[in-house]
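show me how the following folds:
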Amino acid sequence: MTDSKYFTTTKKGEIFELKAELNSDKKEKKKEAVKKVIASMTVGKDVSALFPDVVNCMQTDNLELKKLVYLYLMNYAKSQPDMAIMAVNTFVKDCEDPNPLIRALAVRTMGCIRVDKITEYLCEPLRKCLKDEDPYVRKTAAVCVAKLHDINAQLVEDQGFLDTLKDLISDSNPMVVANAVAALSEIAESHPNSNLLDLNPQTINKLLTALNECTEWGQIFILDCLANYTPRDDRESQSICERVTPRLSHANSAVVLSAVKVLMKFMEMLPKDLDYYGTLLKKLAPPLVTLLSAEPELQYVALRNINLIVQRRPEILKHEMKVFFVKYNDPIYVKLEKLDIMIRLASQANIAQVLAELKEYATEVDVDFVRKAVRAIGRCAIKVEQSAERCVSTLLDLIQTKVNYVVQEAIVVIKDIFRKYPNKYESVIATLCENLDSLDEPEARAAMIWIVGEYAERIDNADELLESFLEGFHDESTQVQLQLLTAIVKLFLKKPTETQELVQQVLSLATQDSDNPDLRDRGYIYWRLLSTDPVAAKEVVLAEKPLISEETDLIEPTLLEELICHIGTLASVYHKPPSAFVEGSRGVQHKRLPGSAGSGESVESPDTGSAAGVSDAPPAVIPSQGDLLGDLLNLDLAPPATTTGPPPPTSSGMQMGAMDLLGGGLDSLLGGDLGGSPAMGAGFGAPPAAMPASFNAPVSGGLDDLFDLGGGVGMPSGAYSPPKSIWLPAMKAKGLEISGTFARRAGVVQMEMTLTNKAMSVMTDFAIQFNRNSFGLAPAGPLQVLTPVSPNQSIEVALPLNTVGPVMKMEPLNNLQVAVKNNIDVFYFSCQYPISMLFVEDGKMERQVFLATWKDIPNDNESQFQIKDCHLSSDAASSKLQGSNIFTIAKRTVDGQDMLYQSTKLTNGIWVLAELRVQAGNPNYTVSLKCRAPEVAQCVFQSYEAVLKN
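Predicted coordinates:
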C-alpha cells in the first residue's frame, strides 16, 4: 500500500495519539507514527510540539526511520534551537557508524540545520567525514562545508576546512573532486577576491581526468570551473580543448552548453591559421544543431545561447541555415528566436533561400510572427546589398495584400531601406502614399510622415498629406508629433511659398498648445532657426544623413564577451550580465574572454551557479505563462546511485535549489535553505487563511427578511469528482500514458492518476513538478510509485496537493502545467482542474455577514449564468452542492420559485456569494454570482453546472 494513506486523516487530538505512538516500544508502530508526523508537516500542520518525542526516535538502526527523523529535524531545528542541541550527540555518534550511508546522512543533515548554536559542535564530525575512507561520505561532506560557510564563514576558515576542501580536488574519486570544485566555487562566489580555486596546470590536469568519470552534474561543475582558467599559451589551450571536446556528444544539454562555453573561451587563444582551429569550428556545429531537436523550452534556451555564439563566430553555423527554418508547430517564442538567428546567418550565398522562407512566413496567421517576418525581410535588404531589390519587390507584394498590420510593418522597414540606399528605390513612394489612410500604429505613421517629409519635392501633394495628419495633432503619440513637426519644416524649406501657413500652424501647436517639453523645445529651436537664419536652418534640417548600419541590434562587444563567458546560465538566456539581475550581497565579477583581457590579467571568477536564486526576475522574452524547465527531484528512499535521468535543462546556474536528504542523486546541489522540493517540507507554513474584506457594512434594507424564512438544507452527499480523462497520450510520451482527475477527500486536494506503460521497457524513478499556477497548487509530497511499472501494466497513484506553491495567473484560470519525469525522459502536459476542488470546508457564512457582504460587493461584480436541463428539486440541488462545499445559508419561495442563497470560500481566501433560482417544472436554473475577484465567476459557474448535472 502507498504512503498516501498518511495524508488522508484529519482527526482531532491527533498530537496526543502521535505522542503515545512515538514513545511506543514497538519499532513498526514508531515508524508509522513518524511517517504520520512527516505527512502532517508536509501538508502544513504544526507538529513542532512533538520535537522531543521525534528526536528520541533517532536512536535506531533502521535507515528509513532515521531519514524521516532527520527530515523532521531539518524543518524544525530553526524554530526550536534549544531542543535541536539534544540531537547533537546522535549526529556525532552517527558520523562514526560503520554504515557509510548513515555517516553521509548525518553529515548532510548537519549541513541543513541552519542554527548557529549547533554549528560549533559539528566541526569535529565534519572533519572526520572529510577524511572518511568512503568516497560517498567525502563527497557529501564537501557540500556540507559550503553550507556551513554560508551560516558561519569565519568558523569554516578558522577550522581549516577550506584547505581540506582544496586537498579533495586531488581525491581519487571523481565525484568527490566534482563536489569539492562545486563547494569551492560556491564559496568563492561570495568572496570574489579570494583566490580559493587556485587553478594551475597540475590542478587542471586532475580536473580533466575526473571529468571523464563523474556524473553529468559533476561534469558541469568541473567544466564551469575550467571556464574560469586562463591557459598560459595556445598549446595548453589546444590540449584542454581536445580533452573537453568529447563532452559535446553528451546526452545532457547542460553538459553540452558548459563544454561549448569552455571551447568558445579557449578558442580565443588559438591562432586562426592552425588546422585544429578549423577542426574545432566543425565540431561545434553538430551538438548545437542537436539541441534544436529537444522540447520547445530546451530549444528556446539553446537558441538564446546560439544567438550569442553566432554573433561572436558566425562561421560555426554558416552552413546550417536550414535547421533554423521555422516549423508550423513551433511555439511563438521559438519562432521569433529562430527568425533572429536566420537574419544573423543570412549571406549572399543563402539569401534566396532565406527570402523565400520569410515571404512564406509573412502570410502566416500569427500576427507577432508575421510582423517580425516582414521586419526580417527589411533587415536582409540592409545586410545583403545584392538582395535589396528582391526584398523591396517582396515588400511591395506584401503591401498589395492590404492586410493592415503587414502594410504598416512594410512601411516601417522601407523607411530604413531608403536610409541605407538613397535615390535607388524612391519609385515606390506612390504605392506607399496610397495606404496612408489605413495606418493607425504610431511607428508606421511616423515612418510614413518621415518619407513624405524627406521626399517632399517628389510628392506633388505632400502639403495635403501632412495637413491631413495635422487635423488630429493633439491625439497623436509623441513619436508622430515630433516626426510631423520635422517633416513640415523640411517641406517649408523645400517649398517655402506654398507652405508658410502650414509651418506657422504646426509651430504654434508644438510650442503654445503642447505640454510635452521635448516637442516644445524642438518647436522653439525650429522657430528661432527659421526666423533668424533660413540658410542655416536649411543646412541643419536638410543635412545629408549618415547611412544606417547593417546590424543595429548586435550586442555591444564587451557585453557579448561577458555573456559568452556565461553560456549555459541564466545570463545567456536574458542576454544581460549577472550583475543586472542577481540581487544580494554576493559580489558579481565581470568576465572577459582571454584574447581581450590583456596578457597579464587573470580572468578567474567562479561561475558555478552565477544565476542561482534569480528565478523570479521576469525575462522580457519568456512567454508569460512561465516554462516548465524546473528541477525534477529524484526523491526516492534508495541507497546512493548515480542518476542518469533527464537533467534540469538550462544550466549549472539553475541547478542550485534542492536540499537532498533522501539519498537520491542530487546531493551535490548546493541549495542552502532555498527550500527546493515540496517533499522536504522546507518553508511550508499553514495555508493563508484570509477572511472576506470588510463586513461592517450596515445591515438593513430589502434583503433583511429573506433570512427569517429558513429552508430545508439537505445533508452533504459527497464531493463531486470528474471522471478520469487522458492528460498525456502514450504517443507523445514515449509509451507513458497518464489519465487522471482531481478529487477533494477529507479536506485534502488529490490528483488521482492512472499511469499506463505502453512501451516495451520497464519504467521507474517517477517524479512530478507543477509550473506556477493561479492558486499555488503544488505536490504535498513526492510521487509515490514504489514499484517499477512493467510493459502493459497500469498503476493507480494518488498525489496529495497543497496550495502554498508559487502563484501566477494562468489562462484559463484553472489551467495547470505539469512535468513528469521517469527513467526515460521528462514529459510535459497541461490539464484543467475543477475549481470546486478548492472550495474549503469552512465556507459557510453567517447570515448577517452574508447580507452585509452582498451589499458591499459592487453590482458590476455580479455575473448571471443559465444552467440548462437540470431536473433536481431545490432541496436535492442544495444537498448536492453542499457535498462540494457550496453551502446554502437561506431559502425563500416567491411565486413558486425557490431562491437559494449560498456561499463558498476558495483556498486563497476568496469568498463567492450566489443566488440560485429554481422554478418547479422548469429544467433551466439561473445562478447569480457575486465576488470581489470577478474573474473566478466563470470557473465557479462551471463547477455549479458539473456538480448539479453529475
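
which strands and helices sit next to the lowest-mean-pLDDT helix or strand in the chain?
In the chain, no helix or strand scores lower on mean pLDDT, DSSP states H and E than helix 81-84, which sits at a mean of 72. On a contact count with 3 or more C-beta pairs under 8 Å, 6 or more residues apart in numbering; DSSP states H and E, helix 81-84 meets helix 51-56, helix 116-119. All C-beta spots, glycine's among them, are computed from the backbone N, C-alpha and C.

buried deepest among these, which one?
Mean neighbour count (mean count of other C-beta atoms under 10 Å) peaks for helix 51-56 among these, with a mean of 19.

would you mark the buried spots in the next helix or strand along the chain from that helix?
Following helix 51-56 in sequence order, the next helix or strand is helix 63-76 (DSSP states H and E). For helix 63-76, a neighbour-count test (16 or more other C-beta atoms under 10 Å) marks 65-76 as buried.

kindly report the same for stretch 793-803.
Across stretch 793-803, burial judged by 16+ other C-beta under 10 Å covers 795, 797-803.

ok, back up a step: check the offset of the next helix or strand after the least confident helix or strand of the chain from the chain's centre.
Proceeding N to C from helix 81-84, the next assigned helix or strand is helix 88-94, under DSSP H and E. When C-alpha coordinates are averaged (C-alpha atoms, centre = their mean, to the nearest Å), helix 88-94 and its chain have centres 40 Å apart.

after helix 88-94 comes which helix or strand?
Where DSSP H and E defines the elements, the next helix or strand beyond helix 88-94 is helix 100-112.

what angle sits between that following helix and helix 63-76?
With axes from the mean of the first three to the mean of the last three C-alpha atoms, to 10 degrees applied, the angle from helix 100-112 to helix 63-76 works out at 0 degrees.

just the C-alphas of helix 100-112, formatted as CSV.
C-alpha atoms of helix 100-112 as CSV (Å, rounded to 0.1, in the frame of the first residue of the first chain):
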residue,chain,number,x,y,z
PRO,A,100,28.7,4.8,5.1
LEU,A,101,25.1,5.7,4.2
ILE,A,102,24.3,6.7,7.8
ARG,A,103,27.6,8.6,8.1
ALA,A,104,26.7,10.6,4.9
LEU,A,105,23.1,11.1,6.0
ALA,A,106,24.3,12.5,9.4
VAL,A,107,26.8,14.9,7.8
ARG,A,108,24.2,16.0,5.1
THR,A,109,21.6,16.8,7.7
MET,A,110,24.1,18.7,9.9
GLY,A,111,24.7,21.0,6.9
CYS,A,112,21.0,21.6,6.5
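
relative to Thr569, which of the buried residues of helix 63-76 is nearest.
Among those, Met74 lies closest to Thr569 (C-beta to C-beta), at 28.2 Å.

not counting sequence-adjacent ones, nearest residue to the closest one?
Cys112 (4.5 Å; C-beta to C-beta, 6 or more residues apart in numbering).

which strand or helix spans Gln866?
strand 862-867.

poorly predicted segments of the stretch 401-550 of the chain, please.
Counting by pLDDT under 70, the ranges of the stretch 401-550 of the chain that qualify are 549-550.

ranges for the helices of it?
Under the criterion DSSP state H, counting those that start in this stretch, the stretch 401-550 of the chain contains helices at 404-420, 429-434, 442-454, 462-470, 478-494, 500-511, 517-532, 534-541.

want to throw the ones you listed into JSON lines with mean neighbour count and distance to Asn228?
What follows is the helices of the stretch 401-550 of the chain, written out as JSON lines (neighbours: other C-beta atoms under 10 Å; distance: least, C-beta to C-beta, whole Å):
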{"stretch": "helix 404-420", "mean neighbour count": "22", "distance to Asn228": "41"}
{"stretch": "helix 429-434", "mean neighbour count": "15", "distance to Asn228": "54"}
{"stretch": "helix 442-454", "mean neighbour count": "23", "distance to Asn228": "44"}
{"stretch": "helix 462-470", "mean neighbour count": "18", "distance to Asn228": "57"}
{"stretch": "helix 478-494", "mean neighbour count": "22", "distance to Asn228": "45"}
{"stretch": "helix 500-511", "mean neighbour count": "18", "distance to Asn228": "56"}
{"stretch": "helix 517-532", "mean neighbour count": "15", "distance to Asn228": "46"}
{"stretch": "helix 534-541", "mean neighbour count": "14", "distance to Asn228": "52"}
